[in-house]
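> Just a sequence and a predicted model for now, questions to come.
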Amino acid sequence: MSDPDENFEIKRQERIEAAEHIITSYLPREEGRQKTVIEAMNYSVLAGGKRLRPVLMREAYMMFGGRNEMVIGPFMAALEMIHTYSLVHDDLPALDNDEYRRGKKTTHAVYGPGMATIAGDGLLNFAFETALTAAHECQELPEYDGSVSSRMLAALTILAEKAGIFGMIGGQCADIEAEKRTDVTPDDLLFIHENKTGALIESALMIGAILAGASASDVHKMEQIGQNVGVAFQIQDDILDVIGDQDKLGKPVGSDEKNEKTTYVTFYGLEKSKEEVARLSDEALELLRELESQEGHEDIFLEELITWLIHRDN
């Protein structure tokens, strides 16, 4: 008999493969005079990864009763394109100057910094072109009780805001500025984690819920779950940088201390950081179970995925 961890890993790989198939189906064709930038875009997206955000989006969609892949698929692909563009730009010489990601040469190392820059730009723009292809299918969705009645428009708004200056980019801005300061506070760190990491996770859960027909109140709860998961994920990163296994992580440990980077562990120590991860995790799972009970649909995999994500060792 398979153990629970093995069963979870099998289910996780199945969902990653399903997300991979959907994402790949929306990539642009490598042709025309713009072929090189499209090749760089596709190279970046196909470099691998956990496909966490599209998997979370699809699970949230299904939890609220969504079943139409033509509605959720374009948004899954769009969110992964946005996540990928942020990594392409992070790796550039002007920022982290990384030559490898997930064991493969980074986009700028293969195509040069200039082409990598516009490949990132291209992915961001093409993400919205892709999401818009769901418009016809979304015409059949019931009205939304949020600030706009169109679920398509509500989903697009969240996608834009969570990726923008009041979301991921805002967090990246604060992170860059924190590198030059010696007076970084816990509130500064919380802002960075909530936005740089948490915003796209929030958008995955929120968009999945909206497109499945969830109420504005339930979408707000999904946002809270995503915020907790995003912050806990980043604190766990801080912890693993101190006590993680370099072979499992696939990257050196101790880099935060070496680079004199302020983290949760710097402020609170290992034990209190672990306690905060547990608290955020418990809150997220409690909210999720409330929603599952209300929907009459228990999504054990989504609970397992969130638990794994927060408490992972790699």
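That came through, no problem.

> For Thr263, grab phi and psi.
phi -130, psi 180 (degrees, to the nearest 10).

> okay, now it: neighbour count?
Neighbour count of Thr263, defined by other Cβ atoms under 10 Å: 20. No exception for glycine: its C-beta is placed from N, CA and C like everyone else's.

> Pull up the gap between it and Thr84, please.
25 Å (Cβ to Cβ, to the nearest Å).

> repeat for Ile239
Taken as Cβ to Cβ, the span from Ile239 to Thr84 is 26 Å.

> do Arg51 as well
Taking Cβ to Cβ, one finds Arg51 at 11 Å from Thr84.

> again, but for Gly103
16 Å.

> So for the two, which residue has more residues nearby?
When Gly103 is set against Thr84 and neighbours are counted by other Cβ under 10 Å, the residue ahead is Thr84, at 24 against 8.

> show me the contacts for that one.
The contact partners of Thr84, taken as Cβ atoms under 8 Å, 6 or more residues apart in numbering, are 44-45, 47, 123.

> And Ile210, by the same measure?
Contacts of Ile210 by Cβ under 8 Å, 6+ apart are 144, 146, 151, 154-155, 158, 219.

> Among the contacts of Thr84, which pair sits farthest apart?
Farthest-apart pair in the contacts of Thr84 is Ala47 and Leu123; separation 12.1 Å (Cβ to Cβ).

> what about those two, which has more around it?
A count of neighbours by other Cβ under 10 Å puts Leu123 above the other of Ala47 and Leu123, at 30 against 18.

> Could you confirm Gly66 falls within a helix?
No - judged by DSSP: H, G, I helix; E, B strand; the rest coil, Gly66 forms no part of a helix; its state is coil.

> was I right about it contacting Leu211?
Yes - Gly66 is within contact range of Leu211, at 6.0 Å (criterion: Cβ atoms under 8 Å).

> Mutual contacts of those two, please.
Common neighbours of Gly66 and Leu211 (criterion: Cβ under 8 Å, 6+ apart): Ile72.

> returning to that earlier point: where's the dip in pLDDT among the contacts of Thr84?
Least confident entry in the contacts of Thr84, by pLDDT: Ala47, with 91.

> Next up, the contacts around it.
By Cβ under 8 Å, 6+ apart, Ala47 lies in contact with 84, 101-102, 104.

> Tabulate the contacts of Thr84 (CSV), appending distance to Gly112 and secondary structure.
Output for the contacts of Thr84, formatted as CSV (distance: Cβ to Cβ, whole Å; DSSP: H, G, I helix; E, B strand; the rest coil):
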residue, distance to Gly112, secondary structure
Ser44, 13, helix
Val45, 18, helix
Ala47, 16, coil
Leu123, 16, helix
